[in-house]
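K.L.:
Sharing a model prediction with you, sequence too.
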There are 2 protein chains.
Amino acid sequence: MAISAGPTQPQKDLSPGGGAFLVDIRVVLITVNAGQLLVAALPSGESWQLPRGYPFANIPLDAAARTIIFESTNLHEQYLEQLYTLSVRDDEPCRIVVSYLALVASTADTPPATTAIWREVKSTPLADVDQMVLDYAIVRLRAKLGYTTIAFHLMPETFSLSELQAVYETAIGVPLDKRNFRRRITASGMLEPTSEKRRDGSHRPAQLYRFRAGHDPAAFLTPQWAGEA
Amino acid sequence: MAISAGPTQPQKDLSPGGGAFLVDIRVVLITVNAGQLLVAALPSGESWQLPRGYPFANIPLDAAARTIIFESTNLHEQYLEQLYTLSVRDDEPCRIVVSYLALVASTADTPPATTAIWREVKSTPLADVDQMVLDYAIVRLRAKLGYTTIAFHLMPETFSLSELQAVYETAIGVPLDKRNFRRRITASGMLEPTSEKRRDGSHRPAQLYRFRAGHDPAAFLTPQWAGEA
DNA sequence: CCAAAAGTGTTCTCGATACACCCATGT
DNA sequence: ACATGGGTGTATCGAGAACACTTTTGG
């Protein structure tokens, strides 16, 4: 609510000269695995940090975010979205932090992390600013699951409807009705069935689906040019 | 869609040392007047610029944005929201731009601009990056009018339902049904009637309403800490 | 009495919800 | 045969869209 507050007092002149700031990037990289919502974190003494890095001249901010992800996890993210830019006051010198949300497919095997470790979101205390960024990332992720298709960026190439539903449920934290879920998903035309079925255990095999290209309204609150000019 | 693209190639090491960037802020300040959607613009040769400025050490980014607004228009905005942060490549040296959307009440009289001028959005060509920022601001404003109450930040203290509807229609560019509009607005409980009516011309006077505090979900995609840490 | 904007209800459609059983397979 | 997860249909409800007339005032 702070941001929508009313008028503020005028402030000193801040145009002349200045403008050089320390800019760094922090990435909230999320996956889902075995019913847990996981975030890539770097150990930092007692607590944890988000993967971070500096932008480099002449590469776009989001390319820098991708590099940070690859360097700390050896993974290529499937989705990347800018979250928010904030100034950190209690730091010296003054710093500007650009934060990102990234998603990768849930995988059965532990991904080949380099410096980062997958940690369950709930039980991973982060240092000050990082904690706020993570909290906001989770709020935004949950909100977007409701009105976009970003959940698919947490899925592997092919998957069953039950797997998709399980990812939704883990991410938003509430159980969903199987028939209503399937109806909505199929009605939206976002999926196409593959020719394969998966035989899992002693039960009926599951039809596998693939995310159909051109059905991702996820970007509707993100500019088309997204981080490049 | 660019932002949700798949994996990218790894890039050179960009962590060490670096991180000092020129950071500047651009503000899209919007109002509605006489059926026109207006933006505050500064003349710049043949075309126009957005109000801009640099952040200053130890003041939050959004406070800097407010200062920029006041300096260029002598107005205090009613709503301020961070839009997007992008890096501008074709500039030398490399620059990072933090963009904001701000709203002020439509006013009958022309507001007391200092250096900025109110221009109709459609017919105000801006320089490169500014044009993209403006386009995105309009997309976001229209989207948010659909599922939030930010329209109230374009209204004066009290107003009639017809005036409110006219502002909506101007902002989103489509006509609305009067009865459905009034039903939705009143059903939402966002307004409270004042004791006054406005006698306008030779017709029935309009009941005036006030925006009821505590009914602004506009911030739900914006972090609570909004620009400060 | 006429012009001009304010105000007011009903019907319909569609998307979301709640809810329970049969199907295909492995052991 | 039974245990396990995969797969299916129907009734209900609420939100949103379409649609036209009466009311109050000033001139």
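P.N.:
Okay, I see it.
K.L.:
Check chain A for the residue nearest DNA strand C and tell me.
P.N.:
In chain A, the residue that lies nearest DNA strand C is A:Ser202 (2.8 Å; C-beta to the nearest atom of the strand). For every residue, glycine as well, the C-beta is placed using N, CA and C.
K.L.:
Quick one: classify that residue as helix, strand or coil.
P.N.:
Of the three states, A:Ser202 takes coil according to DSSP: H, G, I helix; E, B strand; the rest coil.
K.L.:
What is the neighbour count of it?
P.N.:
5 (other C-beta atoms under 10 Å in any protein chain shown).
K.L.:
What of A:Ala166?
P.N.:
For A:Ala166, using other C-beta under 10 Å, the count is 17.
K.L.:
pretty sure it is touching A:Ala34, no?
P.N.:
No: the criterion here is C-beta atoms under 8 Å, and A:Ala166 misses it with A:Ala34 at 9.4 Å.
K.L.:
how about stretch A:24-37: buried residues?
P.N.:
Buried residues in stretch A:24-37, counted by 16 or more other C-beta atoms under 10 Å in any protein chain shown: A:24-33, A:37.
K.L.:
same question, stretch A:44-55
P.N.:
A:48-55.
K.L.:
shaky segments in chain A?
P.N.:
Where chain A drops to pLDDT under 70, the residues are A:1-19, A:90-93, A:108-113, A:214-229.
K.L.:
residue ranges of the helices in it, please?
P.N.:
A:61-73, A:128-147, A:161-172, A:178-188 (DSSP state H).
K.L.:
Of those helices, which stretch is the most buried?
P.N.:
helix A:61-73 (a mean of 24; mean count of other C-beta atoms under 10 Å in any protein chain shown).
K.L.:
Which neighbouring elements make contact with that one?
P.N.:
Secondary-structure packing of helix A:61-73 (3 or more C-beta pairs under 8 Å, 6 or more residues apart in numbering or on different chains; DSSP states H and E): strand A:20-33, strand A:36-44, strand A:52-53, strand A:79-88, strand A:95-103, strand B:79-88.
K.L.:
I'd like the distance from it to the chain centre, please.
P.N.:
Relative to the centre of its chain, helix A:61-73 is centred 13 Å away, using C-alpha atoms, centre = their mean, to the nearest Å.
K.L.:
What parts of chain A come near DNA strand C?
P.N.:
Neighbours of DNA strand C within chain A, by C-beta under 7 Å from any atom of the strand: A:177-180, A:183-184, A:187, A:199, A:201-205.
K.L.:
can you list the residues you listed in a markdown table and add distance to A:Arg89?
P.N.:
Conversion of the residues of chain A next to DNA strand C to a markdown table gives the following (distance: C-beta to C-beta, whole Å):
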| residue | distance to A:Arg89 |
| --- | --- |
| A:Asp177 | 46 |
| A:Lys178 | 49 |
| A:Arg179 | 51 |
| A:Asn180 | 47 |
| A:Arg183 | 49 |
| A:Arg184 | 44 |
| A:Ala187 | 48 |
| A:Arg199 | 57 |
| A:Gly201 | 55 |
| A:Ser202 | 59 |
| A:His203 | 57 |
| A:Arg204 | 58 |
| A:Pro205 | 57 |
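K.L.:
tell me the two of those that are most distant?
P.N.:
A:Ala187 and A:Ser202 (31.2 Å; C-beta to C-beta).
K.L.:
give me the beta-bridge partners of the spatially closest residue to A:Val133 that is not a sequence neighbour?
P.N.:
Leaving aside its sequence neighbours, A:Val133 sits nearest to A:Ser99 (C-beta to C-beta, 6 or more residues apart in numbering or on different chains; 4.5 Å). Beta-bridge pairing for A:Ser99 (DSSP bridges): A:Arg26, A:Tyr84.
K.L.:
Quick one: residues contacting A:Ser99.
P.N.:
Residues near A:Ser99 by C-beta atoms under 8 Å, 6 or more residues apart in numbering or on different chains: A:25-28, A:82-86, A:133, A:136-137.
K.L.:
will you turn those into TSV that also has distance to A:Ser72?
P.N.:
Shown next, in TSV, are the contacts of A:Ser99 (distance: C-beta to C-beta, whole Å):
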residue	distance to A:Ser72
A:Ile25	12
A:Arg26	11
A:Val27	8
A:Val28	12
A:Gln82	18
A:Leu83	17
A:Tyr84	20
A:Thr85	21
A:Leu86	21
A:Val133	15
A:Tyr136	20
A:Ala137	16
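K.L.:
near DNA strand D, anything from stretch A:160-177?
P.N.:
Yes: if you take C-beta under 7 Å from any atom of the strand as the test, stretch A:160-177 does meet DNA strand D, through A:160-163.
K.L.:
wait, I meant stretch A:99-106
P.N.:
No: Stretch A:99-106 does not reach DNA strand D (C-beta under 7 Å from any atom of the strand); its nearest approach is 14.7 Å.
K.L.:
who touches stretch A:33-42?
P.N.:
A:27-32, A:48-51, A:69, A:72-73, A:106-108, A:113, A:115-122, A:124, A:126, A:134, A:138, A:166, A:170-171.
K.L.:
Any idea how far it is from the middle of the chain?
P.N.:
Worked out by C-alpha atoms, centre = their mean, stretch A:33-42 lies 11 Å from the chain centre.
K.L.:
and if you look at stretch A:83-91?
P.N.:
That offset, for stretch A:83-91, works out to 19 Å (C-alpha atoms, centre = their mean).
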